[in-house]
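**Student:** what's the 3D shape of this:
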Amino acid sequence: MGFPGTWMTESESVVYRVVPKCACSTIGQIMFYSDHGKFFDGDIHDAQAGMHKWAIEASQPLIEANVKGHKSLAFTCVRNPYARILSSFFDKICGVQRNGKRYRGNLVPMLVQRYGAEVGGPEGKDDFDQIASFRRFLLFARDTIRFRKPMEPDIHWSAMSGHISTFIVNGGRYDQIFFTEKFDEGMAKVLKKIKTKHKIDLKKIPRFNESEGHGPKRLHKVSDYFDDLSRHLVWEIYKKDFQLFKYDFDDPDNKMPLAEVDLDEVHRKLGD
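**Tutor:** Numbering: from 1, shown residues only. You can find the predicted model right below:
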């Protein structure tokens, strides 16, 4: 199994377990900059050099040796589950992707046909009922996660705890888990504990939101998208995420965590 979704700087200063829709583009670019003194030209997810990634075969033995020996600080970043699933919907489902096509080929047409969702027409620019469509997408997301039908779950809406657990189960240990909502504070703590070739001023780092502009703008406050049934589905999918990462299930509009992450609890509960 190894360490899927794990990135490491070439200098091995730091190890990061990617969690999709949780500032991963910005974090990857900061890691790249810390080694090279410049940002990667393009989407950091496309970089095939300048950084070690588990998806690059030559990087695997280096990442494995580092993680199992806990040679470098290891961290990840989490986000409010309500905001994360909404972001996945507007970016991946409603948005036209960088290549000018819909995400994952037949996924969106299937969602439109089988679940009756609307996505703003072929260009994603038409008006549509965002709330009704999102709730239909949420049902689809639950079906993929719970029943693996009509397809396998996608990394952008599968639970954060699932991504984070693979690192622990295979022999890794996190030194820090911080919140997207307190990004500068969390990233500053990571940078303080590692040695980088190039100094990073977080105030001057742009936000590399690779999904921005793909889809329509969210028109309503978060809680409007989640009626009683939607919240039931959210709890079914993301119960562990709310509990372990201390987010407020009762108030969808409160994006901030209620407490700091208890690393011992995370390792205990996700390490089985």
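
**Student:** can we go C-alpha only for contacts and neighbour counts from here?
**Tutor:** Will do.

**Student:** Any stretches of this structure with poor pLDDT?
**Tutor:** Across the chain, the ranges flagged by pLDDT under 70 are 210-214.

**Student:** Show me what secondary structure element comes after the strand ranked longest in it.
**Tutor:** Longest strand in the chain, counting residues (DSSP state E): strand 73-78. Next in sequence after strand 73-78, counting helices and strands by DSSP states H and E, comes helix 81-88.

**Student:** which other helices and strands contact the longest strand of the chain?
**Tutor:** Helices and strands touching strand 73-78, as assessed by 3 or more C-alpha pairs under 8 Å, 6 or more residues apart in numbering; DSSP states H and E, comprise strand 14-17, strand 176-179.

**Student:** Could you figure out how far it is turned away from helix 81-88?
**Tutor:** 80 degrees (axes from the mean of the first three to the mean of the last three C-alpha atoms, to 10 degrees).

**Student:** can you list contacts of the helix or strand that contains residue 235?
**Tutor:** Using DSSP H and E, the element containing residue 235 is helix 228-244. For helix 228-244, contacts defined as C-alpha atoms under 8 Å, 6 or more residues apart in numbering pick out 80-82, 135, 138-139, 142, 145-146, 158-161, 247-249, 261-262, 265-266.

**Student:** Please spell out which residues along that helix are buried.
**Tutor:** Of the residues in helix 228-244, 230, 231, 233, 234, 235, 237, 238, 239, 240, 241, 242, 244 count as buried by neighbour count, 16 or more other C-alpha atoms under 10 Å.

**Student:** Over to stretch 215-228?
**Tutor:** Buried positions in stretch 215-228, judged by neighbour count with 16+ other C-alpha under 10 Å: 215, 216, 222, 225, 226.

**Student:** correct me, but the fourth one touches residue 129?
**Tutor:** Which is residue 225. No - distance between residue 225 and residue 129: 10.6 Å, which falls outside the contact criterion (C-alpha atoms under 8 Å).

**Student:** Please flag which of the contacts of helix 228-244 sit within helices.
**Tutor:** Members of the contacts of helix 228-244 lying in helices (criterion: DSSP state H): 81, 82, 135, 138, 139, 142, 145, 146, 160, 161, 265, 266.

**Student:** Next, count neighbours for residue 39.
**Tutor:** Residue 39: 17 surrounding residues under other C-alpha atoms under 10 Å.
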